[in-house]
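Undergrad: What shape does this take:
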Amino acid sequence: MKIVLITGANKGIGLETAKQLSKKGLFVYLGSRDIGKGEAIVKELKEKGFENVRAIEIDVTQPDTILSAKNTVEKEQGHLDILINNAGISGIVPQSALESSIDSFKEVYETNVYGVVRVTQAFIDLLGKSSEPRIVNVSTSVGSLSLQSSPDWPPYDYAKMVVYGSSKAAANMYTVHLAYELRDTAFKINAVCPGYTKTDFTNQNGGDVEEAAKRIIKYALIDQDGPTGKFFSEESNPETGEIPW
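TA: Next up, the predicted model:
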């Protein structure tokens, strides 16, 4: 049975991803900043017949909770097969390159960039004990420099979120370097945009959360012939899924 950790998984796309992976027979650690909320969700899931799901406290901005979560997974499982860095925040909107405060940048980067680095570095040894380790960094097409700078991109005039977008671009660069450093190993590491989805994050606008989760899971379960160090958005590119950085 493969072991999965999903950060920010007590609602939205993270929760749906946990549900679908559980149905596929994987053991899922449902990461939540508020362990009470996480445990309440897991209780509901088990009442609905979901198995192999366990709530675990992990706040990606708090190193002590990350270390505690790592120690728990190590004690209970001995390894980790899949890490899905899903936790993220959008920050205060609207976002202007001239008017957004440094504090706004710091707050968003703390979760979207530093949080990804903290969690990945903390769990890398446990992932290394897996025969097929996978890391999916949940990203967004809004973090693509190529698309953001192209007037031909459909959302060009309304997807201008400089704080959020730049944080995801930075996390994308981390993905590139991480994949490069682990290129000669069994690791597969990719950035995946689940698409514009109906969640609290988008004020319930966009596509179905079930489809968004499927897009993440596709790259969490790729085989050894699958890609690494790539950026995928099947919403932006339905043909191959890959989009430019």
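
Undergrad: residue ranges for the helices of the chain, please.
TA: Counting by DSSP state H, the chain has these helices, from start to end: 12-23, 35-47, 63-76, 102-112, 114-127, 145-148, 162-181, 209-220.

Undergrad: Please tabulate these in TSV, including the columns mean neighbour count and mean pLDDT.
TA: (Glycine included, C-beta is placed from N, CA and C.) What follows is these, written out as TSV (neighbours: other Cβ atoms under 10 Å; pLDDT from 0 to 100):
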stretch	mean neighbour count	mean pLDDT
helix 12-23	23	96
helix 35-47	15	96
helix 63-76	15	98
helix 102-112	17	98
helix 114-127	20	98
helix 145-148	16	94
helix 162-181	20	98
helix 209-220	21	95
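
Undergrad: thought residue 214 was touching residue 20?
TA: Yes: if you go by Cβ atoms under 8 Å, residue 214 and residue 20 touch, sitting 7.0 Å apart.

Undergrad: what residue lies at the spatial centre of the protein?
TA: residue 86 (2.5 Å; Cα atoms, centre = their mean).

Undergrad: residue contacts, it?
TA: Applying Cβ atoms under 8 Å, 6 or more residues apart in numbering, we find residue 86 in contact with 6-9, 13-14, 17, 31, 138, 216.

Undergrad: go again using 6 Å as the cut-off
TA: Under the criterion of Cβ atoms under 6 Å, 6 or more residues apart in numbering, the contact list for residue 86 reads 6-8, 14, 138.

Undergrad: go on, residue 164?
TA: Neighbouring residues of residue 164 by Cβ under 6 Å, 6+ apart: 90-91.

Undergrad: and if we set it to 7 Å?
TA: Listed by Cβ atoms under 7 Å, 6 or more residues apart in numbering, the contact set of residue 164 reads 90-91, 95, 108, 142.

Undergrad: Phi, psi for the residue of the chain most remote from its centre please.
TA: In the chain, counting by Cα atoms, centre = their mean, residue 98 sits farthest out from the average C-alpha position, at 28.7 Å. Backbone geometry at residue 98, expressed as degrees, to the nearest 10, gives phi -100, psi -20.

Undergrad: Quick check: it vs residue 220, distance?
TA: Taking Cβ to Cβ, to the nearest Å as the criterion, residue 98 is separated from residue 220 by 39 Å.
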